[in-house]
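Visitor: I'll drop the sequence and a predicted model, then ask my questions.
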Amino acid sequence: MGDRERNKKRLLELLQAAGTGNAHCADCGAADPDWASYKLGIFICLNCSGVHRNFPDISKIKSVRLDFWDDSTVEFMTHNGNLRGKAKYEARVPAFYYVPQANDCLVLKEQWIRAKYERQEFMADGKSISLPGTREGFLWKRGRDNAQFLRRKFVLLSKEGLLKYYTKEEEIVDWFNALRAARLQYLKTAFPEFPESELVPLITRKYLKQGFMEKTGPKQREPFKKRWFALDPQERRLLYYKNPLDAFEQGQVFLGSNEQGYGVYEDLPKGIRGNRWKAGLTIVTPERRFIFTCPSEKEQREWLESFQDVLSRPLTPLNLLSKMHSLSFVLSAKGRRQNRGLTGFSWEP
Ligand SMILES: [Zn+2]
């Protein structure tokens, strides 16, 4: 076996080697990466390798399978690898920082990779962009490739004597993470007794199911209205919106557990008829019942299963507290949300 074949075999073994973390992309976690940065000593997926190519001073890319690897480079990869890379470049990622996954958009991945290796923001002795003695603002910067002036956010790091500027994408991801930081701060204030690790998953809402249903009002004689519903299993809330992209929900229902007397039924109560849609659902809570109609029997079944899933889960201590006071951000200028009081749910007809 020649050097070429032997070294390729060593690399392929290294990809699978236990305790190295090499079986997943060092940056986005995608399975079976077959590219590597032989300057950083990490294995990455094709997508992430495309980002690395943009800063050759810091990272240099080779294909594990297609390129030639000499002995010393294979040796270097063996002594580094993804777990060691993470220990070095992700030593102090802030809890709120959104770490992108394999199926996230490229902008998020690109900014994560740049923050990690190019700006080295998360290294133990790394540069922090929120140091005192910084100044930021907008300036017009002349473009590199043409004479156009572009509006850019600049940050002056006086401690390091460095003036750096943000591209549009960096700025967007910066805002995204700043909002996450603000939300985490809010959660910490609302729930001081809970460790950060339990609050971080609440920064982002992940819905078990979303879709249109029709609802009636509290008297259940009001005409059915079409609304967009989203079921948040973590906070045990069914939220509804006039339109899918509305920033604020019109109302929400807290979903307790079966043991507490909450239930869901695949029908409408006797004497109640939907508007256009016939496939009905009834949620019963200790306080009252909520009535919906679904656009199809398939939707009805999916909602039913999703509600049953949430109702069958035992309440966490956080759930109990969040029923007492709404977890939602207080952002509305009109005071609409603040007026909701401490009831834990609201239902506006
Ligand atoms: Zn990747």
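Guide: Ah, there it is. All values reported here derive from a predicted model rather than from experimental measurement. Numbering: from 1, shown residues only.

Visitor: now the end-to-end length of stretch 273-283.
Guide: 16 Å (C-alpha to C-alpha, to the nearest Å).

Visitor: what does it rub up against?
Guide: The set of residues external to stretch 273-283 that reach it, using C-beta atoms under 8 Å, 6 or more residues apart in numbering, is 213-214, 223-224, 238, 253, 255, 262-269, 272, 289-297, 299-300, 303-304, 307. The way it works is simple: take the backbone N, C-alpha and C, and place the C-beta from them, glycine included.

Visitor: give me the below-cutoff pLDDT ranges for the protein.
Guide: For the chain, residues meeting the criterion pLDDT under 70 lie at 1, 126-166, 323-349.

Visitor: just grab the bridge partners of residue 44 for me.
Guide: Partner residues in beta bridges with residue 44, using DSSP bridges, are residue 35.

Visitor: how about residue 70, phi and psi?
Guide: Here is the backbone geometry of residue 70 (degrees, to the nearest 10): phi -90, psi 170.

Visitor: can you start the count at 45 instead of 1 from here on
Guide: Will do, 45 is the new start, and the previous item becomes residue 114.

Visitor: show me what contacts it?
Guide: Residues in contact with residue 114, defined by C-beta under 8 Å, 6+ apart, are 47, 51.

Visitor: which among the contacts of stretch 317-327 end up buried?
Guide: Burial of those was assessed by neighbour count (16 or more other C-beta atoms under 10 Å); the buried members are 257-258, 268, 282, 297, 299, 306-308, 310, 312, 316, 334-339, 343-344, 347-348, 351.

Visitor: out of the residues you listed, which are inside helices?
Guide: Secondary structure from DSSP state H places 343-344, 347-348, 351 of these in helices.

Visitor: the host helix or strand of residue 50: which residues count as buried?
Guide: Counting by DSSP states H and E, the secondary-structure element that holds residue 50 is helix 47-60. Within helix 47-60, the residues that qualify as buried are 51-52, 55, 58-59, counting by 16+ other C-beta under 10 Å.

Visitor: before we move on, what about stretch 129-140?
Guide: For stretch 129-140, a neighbour-count test (16+ other C-beta under 10 Å) marks 129-130, 132-134, 137, 140 as buried.

Visitor: grab the most central residue of the chain for me.
Guide: Centroid-nearest residue in the chain: residue 248, 5.4 Å away (criterion: C-alpha atoms, centre = their mean).

Visitor: show me what contacts residue 91?
Guide: Taking C-beta under 8 Å, 6+ apart as the criterion, residue 91 is in contact with 72, 74, 150, 153.

Visitor: any idea how far it is from residue 168?
Guide: With the distance defined as C-beta to C-beta, to the nearest Å, residue 91 ends up 27 Å from residue 168.

Visitor: residue in the stretch 195-344 of the chain nearest to the ion?
Guide: The minimum distance from the stretch 195-344 of the chain to the ion, using C-beta to the ion, falls at residue 217 (16.2 Å).

Visitor: now that residue: which helix or strand?
Guide: In this structure, residue 217 sits in helix 212-234 according to DSSP H and E.

Visitor: just checking, what packs against that helix?
Guide: Identification of packing neighbours for helix 212-234 by 3 or more C-beta pairs under 8 Å, 6 or more residues apart in numbering; DSSP states H and E yields helix 150-157, helix 240-243.

Visitor: check which residues of the last one are buried.
Guide: Of the residues in helix 240-243, those buried under the neighbour-count criterion (16+ other C-beta under 10 Å) are residue 243.

Visitor: mind saving the C-alpha coords of it as PDB?
Guide: The C-alpha atoms that make up helix 240-243 are tabulated as PDB, following Å, rounded to 0.1, in the frame of the first residue of the first chain:
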ATOM      1  CA  GLU A 240     -29.800  28.600  33.300                       C
ATOM      2  CA  SER A 241     -29.700  25.200  31.600                       C
ATOM      3  CA  GLU A 242     -33.500  24.800  32.100                       C
ATOM      4  CA  LEU A 243     -34.200  28.300  30.800                       C
END
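
Visitor: check which helices and strands that helix sits against.
Guide: With contacts defined as 3+ C-beta pairs under 8 Å, 6+ apart, the secondary structure elements packing on helix 240-243 are helix 212-234.
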